[in-house]
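Q: next comes the sequence, and after it the predicted model I'd like to discuss.
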Amino acid sequence: MLDIITNMLSMCIPFSVALLLASIGEMFNQRAGVFNLGCEGVMAMGAFIGMLIPFMAGGGGAVSEWYNLLGFVAAAVLGALFGLFFGLVTVTFRAPQGIAGIGLQMFGVGTAGTLFRHFVGGTQSIPGIPDIDIPVLSRIPVIGDIFFSHNAAAYLAYLFIPVAWYILFRTPWGLKVRAAGTSPRAADSMGINVSRVRYEALMLGGALAGLAGAYLSIAQAKMFSDTLISGRGFIAVALVYFGHWHPAQIMGGALLFTLAQTFQTIVQSMGISFPYELAVMLPYILVIVVLSFTSRNQITAPTSLGKPFNREIRT
Amino acid sequence: MTKGFRLAFRAVVVLLAILATLLMASVILWMIGADVAATFYTICFEPLTRMLHISEVLIRAIPLCIIAIGISVAYRSGIINIGAEGQMAMGILAFTGAALAFPDVPRPLLLPLALLASMIGGGVWGFIPGILKARLNVSELLSTVMLNYIAAQFYSLCLRTIYLDPAEQVDGTGTPQSMRLTENVWLGRITGRLHFGILIALVLAVLIFILMWKTSIGFKMRASGSCARAARYGGISVGFYVAASMIISGAFAGLAGGVELAGVHRRAIEGITNNYGFSGVVVALFGGLHPFGIIPASFFFGLMIYGSTLAPSKVGVPANIVQVMQGIIIIVIVTAQMVLSNAYLQDRIWRKYQALRKKEA
């Protein structure tokens, strides 16, 4: 029994990284006032390009770690480009963000699927990145397994949480982002270029979503398929609501949802005859339940979330 | 500003939108080294060359049309329903359930009953996000997507367990599918696989036109959608109409599933929903959220969906290209709408144009 619980908890941290990164990226978008529902599509593109580079380099066999790194970098750059594109649509042209996000999601998922079929074809695995056991700490029983023997990307992602907090709450740029999302008119009158800040936040958010996707394909699944993302992008958006637009609470949410996702593996490993599909449903049901209970949180939301800013129009 | 200039402005924007769509799709096609012109020909014109192809296009247009009409009702009421995929799956399950439960009921009774069941199945699935939006202000974008995933899992679970074909259990291949439904729920066929669902779609389009534009219920729904605050001030119970519009929207998606099952597949199998739910959003937007715009739009997208299934063998392009094009089309439509409704931009261009004319004179 203890084995199973340890096993489950030790999966929690590495499996939560994709949700965490995408969600923190979405948090920057929403703090700047843009609701980016295209996260899912950007993640799919990131996952595809992240898998493609090590696959092309090694043909599915062992490759130098540099190619994996290149995969992550390419995913981040591509994600930032998608963010830029979404900025063009929602900030410059002021298109309604919800429906434009659906478009971006379809575009990203579709493009990743199309390119994948052409460049890779079927299911192909890549070596991925190895787990690193931190000396001494990883040998503590139970705790060592849960916290100190994961891949390098997972550690870096968790180290990024305080960095994200610092950027958002302690840097001038973070203040501009929050101003652009809370009161763009006041920000504008103080000489902040609201459009520019929103573009920058969208690019950062896109890059993080791309990285999240690349993490899924390079470090977690070690392959790409059409169903790899399967709603994680949307869950990431929901997590931002759940986490009150704050990095630390988003981390808590990401861990909670990962726990729900690992539930299916426990059910299988314990040999309980529980319908597999019901276990897969769990995180999605949890999202709806959580959103219903946290709907009152929305008073803490950035007040201009989802509203395009037009300095030429009086309000 | 002259009338001619306004017309020219519209025409130029629409033309630019079409060009942008083609350009972006071409970039993706160019990346996979496909023949761009041949691909567009295969997707948009090849299916029109033979009668058999045209009937296949119409088969795909039927569920698209029904779903898109439902989505347009919700959209006009201020709620974006992207959960049609899940609602359609629930409709199929309910339809199958009714057909399996009463195999001996005569056809004039059973077919309407089963179609009603599919509407209830989809309607319930649409009601959940509707009531959550009305009561708790839960974003319908997120809740409907989540309900899609839940419905997809529930669908596989049902096919694998309670609906599983008894023949599959005896000597089957383990394919999760129901038994062939009784003939009493079949929709008749006109030619080839084309079934009478097409009439259902057309009748529904007229009914929704009447509901939305000729009754006070429709007016209240549209008022809730265009300005919720003003509608509430006018004494309209916005939450009620939002939830009601989601029930209609879900019921239509469920009905689309039932019609598809009764007309084409005649047994519940995996993959009937075929992304129609998401395509329906594009069709609704492309058709200007109006039933009479949606009818031609659903034909056009049926064409693209069928054309894309020809693409892999004809020009070596994966069928996913249709999803790429749909995504681009959504983005381009919403962007073009904003440009068209931007009076400031129009005015600025008008003045530049005037200045240019003066200089020439």
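A: It's in. Numbering: from 1, shown residues only, chains lettered A, B, ... in the order given.
Q: around residue B:27, how many other residues sit close by?
A: 12 (other CB atoms under 10 Å in any protein chain shown). Where C-beta positions appear, they are placed from N, C-alpha and C, glycine not excepted.
Q: ok, the closest residue in space to residue A:255 that isn't next to it in sequence to residue A:282 distance?
A: Spatially, and ignoring its direct neighbours in sequence, residue A:255 is nearest to residue A:16 (5.3 Å; CB to CB, 6 or more residues apart in numbering or on different chains). Separation of residue A:16 from residue A:282 (CB to CB, to the nearest Å): 15 Å.
Q: who's more crowded, those two?
A: residue A:16 (24 against 19).
Q: buried stuff in the helix or strand containing that one?
A: Secondary structure from DSSP states H and E places residue A:16 in helix A:2-31. Applying a neighbour-count criterion of 16 or more other CB atoms under 10 Å in any protein chain shown, one finds A:6-31 buried in helix A:2-31.
Q: so which elements touch that helix?
A: helix A:39-58, helix A:143-147, strand A:149-151, helix A:152-170, helix A:172-182, helix A:194-214, helix A:232-242, helix A:247-270 (3 or more CB pairs under 8 Å, 6 or more residues apart in numbering or on different chains; DSSP states H and E).
Q: which residues sit in contact with residue 39?
A: Assuming you mean chain A. Taking CB atoms under 8 Å, 6 or more residues apart in numbering or on different chains as the criterion, residue A:39 is in contact with A:22, A:25, A:26, A:101, A:105, A:205, A:209, A:233, A:234, A:236, A:237.
Q: oops, wrong one, chain B.
A: Per CB under 8 Å, 6+ apart, neighbours of residue B:39: B:29, B:311, B:315, B:317, B:321.
Q: okay, now the fourth one: neighbour count?
A: Counted with other CB under 10 Å, residues neighbouring residue B:317 total 27.
Q: what's the closest non-adjacent residue to it?
A: Per CB to CB, 6+ apart, closest to residue B:317 is residue B:311, 4.3 Å.
Q: do the same with the first one
A: With sequence-adjacent residues excluded and distances taken as CB to CB, 6+ apart, residue B:29 is closest to residue B:36, at 4.9 Å.
Q: give me the distance between that neighbour and residue B:55.
A: Residue B:36 is 28 Å from residue B:55, by CB to CB.
Q: what is the neighbour count of the closest residue to residue A:302 other than its chain neighbours?
A: Excluding its sequence neighbours, the residue lying closest to residue A:302 (CB to CB, 6+ apart) is residue A:181, at 3.5 Å. Applying other CB under 10 Å, we find 29 residues neighbouring residue A:181.
Q: residue A:181 against residue A:306, yeah?
A: No. Here residue A:181 does not reach residue A:306: they are 9.8 Å apart, not a contact under CB atoms under 8 Å.
Q: next up, the contacts around the residue nearest to residue A:255.
A: A:254, A:255, A:257, A:258.
Q: give me that answer again for 6 Å
A: Residue A:16 makes contacts with A:254, A:255, A:258, as judged by CB atoms under 6 Å, 6 or more residues apart in numbering or on different chains.
Q: if you rank these by neighbours, which is first?
A: Result: residue A:254 is most packed of the contacts of residue A:16 (other CB under 10 Å), 29 neighbours.
Q: before we move on, the earlier item: mind telling me what element the residue nearest to residue B:317 is part of?
A: helix B:291-315.
Q: can you list contacts of that helix?
A: B:34-35, B:38-39, B:42-43, B:46-47, B:56-57, B:60-61, B:64-65, B:68-69, B:205, B:208-209, B:279, B:283, B:286-287, B:317, B:319, B:321-322.
Q: would you reformat the contacts of residue A:16 as a markdown table and include pLDDT?
A: As requested, the contacts of residue A:16 are exported to a markdown table (pLDDT from 0 to 100):
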| residue | pLDDT |
| --- | --- |
| A:254 | 94 |
| A:255 | 93 |
| A:258 | 91 |
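Q: just the pLDDT for residue A:200.
A: Per-residue confidence (pLDDT) for residue A:200: 97.
Q: likewise residue A:288?
A: Taking residue A:288 on its own, its pLDDT is 93.
Q: does any part of whichever helix or strand it is part of sit near chain B?
A: Assigned by DSSP H and E, residue A:288 belongs to helix A:276-293. Yes. Helix A:276-293 reaches chain B (CB under 6 Å from any CB of the partner chain) through A:277, A:280, A:281, A:284, A:287, A:288, A:291, A:292.
Q: need the buried ones from those residues selected in PyMOL.
A: Only the buried members of the residues of helix A:276-293 next to chain B enter the following PyMOL selection, criterion being 16+ other CB under 10 Å:
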select buried, chain A and resi 277+280+281+284+287+288+291
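Q: output the residues of helix A:276-293 next to chain B as TSV; include the columns distance to residue A:213.
A: Shown next, in TSV, are those (distance: CB to CB, whole Å):
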residue	distance to residue A:213
A:277	25
A:280	20
A:281	23
A:284	19
A:287	19
A:288	24
A:291	23
A:292	28
